[in-house]
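**Student:** what shape does this take:
(one chain, ligands or ions: 1)
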Amino acid sequence: MSYRVDSYSLSGGGSIDWVPNVGWRMKHQSTKVKATGMSRKLSDLTIHGITKHATSRLTRKVKPNCIHNWKHTTHCVRFAINFRAVFQSFGTDLSDPTEERQWRKLVHRAINVRNRNPKLDDWKCRLCGCEEESMLHLIQCLQAKPLWYAVLLLCRDVLEAPDMRGSIERAIIFNQANPKDMLPTAACAFIRHAFNTFYRDFAMVDTHHKPFDWQRTFNGAMLSYQRAVFAWAESIKIFTTHRRYTKQTRQVPEDTLHRFPKLVTFTGNGLAYHLTSEFKKAVHDAAEAVKRS
Ligand SMILES: [Zn+2]
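**Tutor:** Numbering: from 1, shown residues only. Alright, predicted model coming up:
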C-alpha cells in the first residue's frame, strides 16, 4: 500500500523554495497531535509512524480471526477468554518476541500441525499416534501432558501462580488464571518459554526423527527461562553500575528490584543479584531428572 502526504499548511507564509517543517500530515490524520495539542511536522513522518498509521487504518475495528476460531472450530475450547488481556500481555520482562514466538502463533491459531495440511494422508498425532493432531491436541496429548503438569507445578510452587492443573488449556494456551485475569507475569513468561521449547522438540520428531522426551523438553525450558532471568537481572545491574559512575542520577525503582522475588534478589540497590535457592533447586532438579530418565 502506498501512502502520500497530501496536505500542508504554511502558517507564516512561504514559497515552493522554502517549505516549513510544521503543518505536514498524512491523509486522514488530524492537523494536531492529540496527546500534545501541537501541530504535526514533516519531521514526525518516520517509517515507524507512517507504518503505524497505515496499519491502524487497515485493522481498525477488525478482530483477529483467532477470537472466533478458538470458540467455533471443530477443536475449540469451551470456556470464556479475555482476549484483550491476552494480547496486552505479549512481551514480558522475562520473555521477548523470539522467546514467545511459538506461543504467540498458538494464540493466533497459526501454528503448524498435521490437520492444517490437506495434502497429508495421515492426520494422526506424531507423539501418541492415536488422536487427530490439532492445535488443541498439543495441550491434550497424553505424551505431552506430563510436561504441562510439570510446567504448571513449577508455576504453582515457585512462581506464585494458582494450581492450574485442572485447567491446562486455559493456562497453557491463554496464560489465564480465570476468565478475567492473567497468571502472574513470571508464570506467563515460563509457560511461553516452555511452549517454545516444546514446539521445537515436537517438530523434531518429524524433521529429525528424534523421540520426544518430556523431561528433556522441561529441562530445556528451564534453561531457556534461566537465561532470560539472568539477562533481565544483568540489565538492571549494568544500569545501576552505569548510574553509579556517571553524573546521571535516575536509579532503578525499588519495586523493579522486587518484581520477581521468587526468582532473583538484588543487593546494593541493584549492583549485584543472586538467583533464589528455590529457583536454583528447580533448575537443578530438572537437569537431574534428565540424567535419570
Ligand atoms: Zn497426541
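
**Student:** helix or strand next in line after the lengthiest helix in the chain, which one?
**Tutor:** Looking across the chain with DSSP state H, the single longest helix is helix 214-244. Next in sequence after helix 214-244, counting helices and strands by DSSP states H and E, comes helix 254-257.

**Student:** what residues of the worst-scoring helix or strand of the chain on mean pLDDT count as buried?
**Tutor:** Within the chain, confidence by mean pLDDT, DSSP states H and E is lowest for helix 47-59 among all helices and strands, at a mean of 86. Across helix 47-59, burial judged by 16 or more other CB atoms under 10 Å covers 53-54. Yep, even glycine has a C-beta here, placed from its N, CA and C like the rest.

**Student:** next one: stretch 202-211
**Tutor:** Buried residues in stretch 202-211, counted by 16+ other CB under 10 Å: residue 202.

**Student:** keeping just the C-alphas, turn that stretch into CSV.
**Tutor:** The C-alpha coordinates for stretch 202-211 follow below in CSV (Å, rounded to 0.1, in the frame of the first residue of the first chain):
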residue,chain,number,x,y,z
PHE,A,202,7.7,-31.6,18.8
ALA,A,203,8.7,-30.6,15.3
MET,A,204,12.0,-32.5,15.5
VAL,A,205,10.0,-35.7,15.9
ASP,A,206,9.1,-35.3,12.2
THR,A,207,12.1,-33.4,10.9
HIS,A,208,14.9,-35.3,12.7
HIS,A,209,13.1,-38.5,13.8
LYS,A,210,14.1,-37.6,17.3
PRO,A,211,11.9,-39.2,20.0
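
**Student:** related to what we said a few turns ago, which strands and helices lie in contact with the least confident helix or strand of the chain?
**Tutor:** Helices and strands touching helix 47-59, by 3 or more CB pairs under 8 Å, 6 or more residues apart in numbering; DSSP states H and E: there are none.

**Student:** I'd like the next helix or strand past it.
**Tutor:** Following helix 47-59 toward the C-terminus (DSSP H and E): helix 65-72.

**Student:** where does that following helix sit relative to the chain's centre, distance-wise?
**Tutor:** 19 Å (CA atoms, centre = their mean, to the nearest Å).

**Student:** hmm, who's touching that helix?
**Tutor:** Applying CB atoms under 8 Å, 6 or more residues apart in numbering, the set of residues contacting helix 65-72 from outside is 76-77, 81, 83, 107-110, 173.

**Student:** on that earlier part again, run the chain-centre distance for the least confident helix or strand of the chain.
**Tutor:** Mean C-alpha position of helix 47-59 versus that of the full chain (CA atoms, centre = their mean) differs by 22 Å.

**Student:** how about stretch 215-226?
**Tutor:** With CA atoms, centre = their mean as the basis, stretch 215-226 stands 17 Å off its chain's centre.

**Student:** buried ones in that stretch, by neighbour count?
**Tutor:** 215-222, 224-226.

**Student:** make TSV out of these and add distance to residue 57 and pLDDT.
**Tutor:** TSV is the format used below for the buried residues of stretch 215-226 (distance: CB to CB, whole Å; pLDDT from 0 to 100):
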residue	distance to residue 57	pLDDT
215	49	96
216	47	97
217	42	97
218	44	98
219	46	98
220	42	97
221	39	98
222	43	98
224	38	98
225	39	98
226	42	98
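
**Student:** what is the nearest of those residues to the ion?
**Tutor:** Of all the buried residues of stretch 215-226, residue 217 has the smallest distance to the ion: 14.3 Å, by CB to the ion.

**Student:** give the contact list for the closest one.
**Tutor:** Contacts of residue 217 were listed using CB under 8 Å, 6+ apart, and they are 147, 194, 197-198, 201.

**Student:** perfect, I'm done here.
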